[in-house]
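In: got a sequence here, can you model it:
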Amino acid sequence: MLTRTKLYNILLIEDNPGDVRLTEEAFRESKKNVNLEVVTDGIEALKFLRKEEDYLDKATPDLILLDLNLPKRDGREVLEIIKTDRHLKRIPVVVLTTSKAEVDILKSYDLHANCFINKPIDFDNFFDIIHRIEEFWLSTIILPTAVAH
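Out: Got it, this is the predicted structure:
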């Protein structure tokens, strides 16, 4: 029997509809109680996190999955804003991107990303990565208690 007591709020910041769909499918198979919210650009991500406009009633995420190459406001900028905002900086941010560029890896860690994962293009490997993220971030470690503002 599965125990699904705690609700984990995850924010996926991703503009690729295929990757959004795969992530949603992977979390549907989750053994955890996951509420996955999706925004598709950097501006909407910041509105979500700041609980502005259409996002007033949204829960503060326990975990953020962030693509770097986003429209309107780049993922690197979003990461920098998250990690310098006193209300948001404790939310773990997993950079999940197709980039393998050393400059992106270094910049992400310089901006205090909690980890950097290269997004696999293969369906099965993508599911495996999402399940590993779930296992580590929702089962193995202790997440900080979300601080609403």
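In: Phe126: neighbour count?
Out: By other C-beta atoms under 10 Å, the residues close to Phe126 number 19. (Glycine included, C-beta is placed from N, CA and C.)
In: which residue ranges of the chain form helices?
Out: In the chain, the helices defined using DSSP state H lie at 17-28, 42-50, 75-84, 102-110, 123-134.
In: can you say which of these is nearest to Leu66?
Out: helix 75-84 (5.3 Å; C-beta to C-beta).
In: what's the angle from the closest one to helix 42-50?
Out: 20 degrees (axes from the mean of the first three to the mean of the last three C-alpha atoms, to 10 degrees).
In: what about the helices of the chain, which gets the closest to Leu36?
Out: helix 17-28 (5.1 Å).
In: contact partners of the closest one?
Out: Helix 17-28 is contacted from outside by 10, 12, 14, 34, 36, 38, 40, 65, 67, 119, 123, 126-127, 130-131, 134, using C-beta atoms under 8 Å, 6 or more residues apart in numbering.
In: export the helices of the chain to TSV and tack on mean pLDDT?
Out: As requested, those are exported to TSV (pLDDT from 0 to 100):
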stretch	mean pLDDT
helix 17-28	93
helix 42-50	97
helix 75-84	97
helix 102-110	97
helix 123-134	91
